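> From the sequence below, what's the structure:
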Amino acid sequence: MNMSNAPADGAAVAAAADAAPEAPAAPAPVKVLEQIDWASKNCLVVDDFIGVRQLLRESLRNLGAKNIDQASSGGEAMALLAKLRYDVVVCDYNLGEGKNGQQVLEEARVRQLLLPSSVFVMVSAEKSVESVMGAAEHQPDAYLVKPITEGVLLTRLNRVWRKKQVLRPIDQAVVEKDYLRAARLCDEQIAATGKTHLIDLLRMKARMFERSGQPARAREVYEQVLAQREYHWARAGLGKIRLADGEFEQARQMFQTIVAENRHYIDAYDQLALAYQGMGQHEEAAAILERAARLSPNSVPRQRSLGQAALRLGNIPLAEKAFRKCLVIGEYSIRKTPDAYLGLARVCGLKNETKDALQLLLLAQREFGSGSGTEHEFMRLRAKITEGLVFHESGDGDNARRAGDELEAMLQQDPARPGSAICIEMATMLFAVGLKETPSEVLCHVVRNNHDNTLLQDEIQKIFDKARLTDEGAVMIRTARKEAVDLMNQGVVLWKTGKLREAVEWMRQARERLPDNVRVLFNAVQILVSHMQQRGYEQELELEARAILERVDKLQPGQGRFAQLMEQVNALLPKPEEEQGAADEAKADAPAPDDKPALKSVNKPMNKPLAKPPSARPARSRRGY
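Purely as a prediction, here's the structure:
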């Protein structure tokens, strides 16, 4: 099965079936393809059997490859991928103890350890739908079922490599999160290659418009594709746009049709569940997720979603089954999160197995830590929230109140607050154990960070209603909303009156108070851009703007203003020749050094990815990547 055409929405199995090649209008002359220089490529072979590794290595050597590394396990493969950027990775699905091939690919993608042009070939003896679909959801460039011949491997590698080179500049723009540039590059490639990669390029172009917050333009592309042929991925793209617009019933109908026509289109199940949830039909959503989990059970996010949906419904057996499965398949996955531990602890609490619940909370804290600056920096808070809920739901009021008091003390010691969903869960627990002031402050924090989200504010009002604070809650919501607006507007006033430096400083303070307010974050970037447009480029301000945009993309991906501001930031970067000229001029004007070596100027790339801490930057390869 060729997975080289797998879409990024995780529906590779279905797409492989409905992505037939275009028939040429007339016979075309035979085109002589340029020979690929495999000798200059870095290759990695991953298999737990030495004999298979040697056979794959010899096949690559017969292709002309010279730089071939080998790994006997998933852990060893990840260590090599972290050190060197490989052009070709041939990886077995089953690798014995530890990570399997699917988890190697998943982690390499998440950590950006593969070049945009890299080819990842999954090899497996597994022929079951479950295994094939599990691997396909992580989008290898090709999926080959053993036994494979050397000819099949080499033919597939050549084909996929040539295609990847066409998409390479687009992929690079995506890595840099410059989605509008990526969409323009799609048009350039369509003009250059005609029908050869037309459908793939249109699919990518539509996704770039979605990610850049331009659903109307994405819809046009999907409709253009559907006018040629009924591709399920294009129909699903239209459904996702409907879903994002809150048109849940229309989206439900579209995804229901896709599932009826192609039962293996797994992504459609996930989207259908979201449509049901948007309509408030949570039983239907859980049923759809359960069907999807039976078809492709090795997805950590899907099992987690199923467990949470079942827990919401009070379906304890289903929730327990999903969370336990999530723990098993997530053991070596980068997608592993505390949610399965916390969810299973809630299940144990509802079963009056308090001791087991507390043991799970200890395991979660030991596994994920609580250090500041880490992905799970609020782990201790989350564990304490769950502890309080476990005691409350098991009828232990005294211990529930004690957990609430301890949580309140933790909040007083550290002013930082987690995201909105965790804050709402926290406030709900604190109200349930009899506390009033702290949960009210937490909910006001959520409102200030989402001052223009009326649906969320309605949800918060219902929490106040349940706590018998209807009138007080309404006043607090209005006050918190006004505080956020006033804080943001003051920065805008400074900006419009030309006080750019003061505006920059004000928005830094606003971001500190409202770290999750997307409007505030966007305005902060706009002011930084204006400062550099009017007063000259400053690298520190550029990196600050990119870091803010990265946070926005994490909080609410697919915002139109994100793509526009990213383009403005990239336009501010000095061209290499300008930077070199400035360095030469500065060098000419500088006094002659005594015994200190001269500093060399370094040309900066035109379009660099979002700033990352030094430890997160990818290692450079032997070939200078």
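> where does the stretch 201-350 of the chain dip in pLDDT?
Residues of the stretch 201-350 of the chain meeting the criterion pLDDT under 70: none.
> Would you map the helices across it?
215-226, 232-244, 248-261, 266-278, 282-295, 300-313, 316-329, 339-350 (DSSP state H, counting those that start in this stretch).
> who wins for proximity to R159 among those?
Nearest of the helices of the stretch 201-350 of the chain to R159, taken as CB to CB: helix 232-244 at 20.6 Å. The way it works is simple: take the backbone N, C-alpha and C, and place the C-beta from them, glycine included.
> Convert the C-alpha atoms of the closest one to PDB, please.
The C-alpha coordinates for helix 232-244 follow below in PDB (Å, rounded to 0.1, in the frame of the first residue of the first chain):
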ATOM      1  CA  HIS A 232     -13.700  12.200   0.700                       C
ATOM      2  CA  TRP A 233     -10.900  14.400   2.100                       C
ATOM      3  CA  ALA A 234     -12.200  17.400   0.200                       C
ATOM      4  CA  ARG A 235     -15.700  16.800   1.500                       C
ATOM      5  CA  ALA A 236     -14.300  16.400   5.000                       C
ATOM      6  CA  GLY A 237     -12.500  19.700   4.500                       C
ATOM      7  CA  LEU A 238     -15.800  21.400   3.800                       C
ATOM      8  CA  GLY A 239     -17.300  19.700   6.900                       C
ATOM      9  CA  LYS A 240     -14.500  21.000   9.100                       C
ATOM     10  CA  ILE A 241     -15.100  24.600   7.900                       C
ATOM     11  CA  ARG A 242     -18.800  24.100   8.800                       C
ATOM     12  CA  LEU A 243     -17.800  22.800  12.200                       C
ATOM     13  CA  ALA A 244     -15.500  25.700  12.900                       C
END
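> sorry, back to before: ok, which of the helices of the stretch 201-350 of the chain comes nearest Q413?
Taking the helices of the stretch 201-350 of the chain one by one with CB to CB, helix 339-350 is closest: 21.7 Å.
> neighbouring contacts of that closest one?
Applying CB atoms under 8 Å, 6 or more residues apart in numbering, the set of residues contacting helix 339-350 from outside is 303-304, 307-308, 311, 314, 316, 319-320, 323-324, 326-327, 330, 354, 356-358, 360-361, 363-364, 367, 382-383, 386-387, 389-391, 393-394.
> what does stretch 465-480 give?
Contacts for stretch 465-480 (CB under 8 Å, 6+ apart): 431, 436, 439-440, 443-445, 447-448, 451, 457, 460-461, 463-464.
> Let me see the mean pLDDT of stretch 172-183.
Rounded to a whole number, the mean pLDDT of stretch 172-183 is 89.
> Quick check on the contacts of stretch 465-480: which are buried?
431, 439-440, 443-445, 447-448, 451, 457, 460-461, 463-464 (16 or more other CB atoms under 10 Å).
> Dump those residues into CSV; add secondary structure, pLDDT and distance to R478 as well.
Below are the buried ones among the contacts of stretch 465-480 laid out as CSV (DSSP: H, G, I helix; E, B strand; the rest coil; pLDDT from 0 to 100; distance: CB to CB, whole Å):
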residue, secondary structure, pLDDT, distance to R478
F431, helix, 96, 20
P439, helix, 96, 18
S440, helix, 96, 13
L443, helix, 97, 13
C444, helix, 97, 10
H445, helix, 96, 15
V447, helix, 97, 9
R448, helix, 96, 12
H451, coil, 94, 10
Q457, helix, 95, 9
I460, helix, 96, 12
Q461, helix, 96, 11
I463, helix, 96, 16
F464, helix, 97, 12
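> so how far is A268 from the residue lying closest to R219 once chain neighbours are set aside?
Of all residues not flanking R219 in the chain, I241 sits nearest, at 5.6 Å (CB to CB, 6 or more residues apart in numbering). Here the criterion is CB to CB, to the nearest Å. By it, I241 lies 14 Å from A268.
> Neighbour count for the two, which is higher?
Using other CB atoms under 10 Å as the criterion, I241 and A268 rank with A268 on top: 30 against 21.
> how far away is that one from E176?
According to CB to CB, A268 stands 30 Å off from E176.
> swap in L55?
Taking CB to CB, one finds L55 at 38 Å from E176.
> which one of these two has more residues nearby?
E176 (20 against 16).
> tally of neighbours for G246?
10.
> One more: the one 4 residues further on?
Taking other CB under 10 Å as the criterion, the count of residues near Q250 is 16.
> That one contacts I241, correct?
No. Using CB atoms under 8 Å, Q250 is not in contact with I241, being 9.9 Å away.
> neighbours around K195, how many?
Other residues within reach of K195, judged by other CB under 10 Å, total 12.
> Can you give me the pLDDT of it?
Reading off the confidence values, K195 has pLDDT 85.
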